[in-house]
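A.B. asks: How does the following fold in three dimensions:
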Amino acid sequence: QVQLVESGGGSVQAGGSLTLSCATSRVILSSTMGWFRQAPGKQRELVATITAGTPPNYADSVKGRFTISRDSRDSYKNTMFLRMNNLKPEDTAVYYCNVKWGTSSTSTSVWGQGTQVTVSS
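C.D. replies: Numbering: from 1, shown residues only. Below is the predicted model:
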């Protein structure tokens, strides 16, 4: 079973920056990695996803402020980052890492434990 380890959450003032990271317990080839977030009382929503060989995908609310990237140099794990700049109070949420792989009929999706991001005004 693949496990995801997240780190990097915290509390910042509006306009500040944070970088989240997510590492898999083993290498997963041909995977899509992504960040999702869930604010209190709201549904979980996509923040950004990245698949090798294709441009990253961002939610409109974070375009121009957040950057997703992945590092595949390590032969034992996949690592993904989310650089968040110019943070706003509405970015406050629990951020979840997700990795998905397989075909449309046999896909597997794994979630991280979540990391809290709090932005104060």
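A.B. asks: Next one: the most centrally placed residue in the chain from residue 104, what distance?
C.D. replies: Of all residues in the chain, the one closest to the mean position by Cα atoms, centre = their mean is residue 35, 2.4 Å from it. Residue 35 is 22 Å from residue 104, where distance means Cβ to Cβ, to the nearest Å. C-beta coordinates here come from the backbone N, C-alpha and C atoms, glycine included.
A.B. asks: Report the beta-bridge partners for the residue nearest to residue 47 when sequence neighbours are not counted.
C.D. replies: In space, and not counting its chain neighbours, residue 47 is closest to residue 35: 4.2 Å by Cβ to Cβ, 6 or more residues apart in numbering. Note on residue 35: beta-bridge partners by DSSP bridges are residue 48, residue 97.
A.B. asks: residue contacts, residue 87?
C.D. replies: Contact partners of residue 87, counting by Cβ atoms under 8 Å, 6 or more residues apart in numbering, are 12, 14-18, 65, 117, 119.
A.B. asks: Over to it. Which of the three states is it?
C.D. replies: Per DSSP: H, G, I helix; E, B strand; the rest coil, the local secondary structure of residue 87 is coil.
A.B. asks: What of the one 3 residues further on?
C.D. replies: Assigned state for residue 90: helix (three-state reduction, three-state DSSP).
A.B. asks: Can you give me every residue that contacts it?
C.D. replies: 39, 61, 119 are the contacts of residue 90 under Cβ under 8 Å, 6+ apart.
A.B. asks: mind checking how far the nearest residue to the last one once chain neighbours are set aside is from residue 15?
C.D. replies: Setting aside the residues directly before and after it, residue 119 is nearest to residue 87 in space (Cβ to Cβ, 6+ apart), at 4.5 Å. The spacing between residue 87 and residue 15, counted by Cβ to Cβ, is 7 Å.
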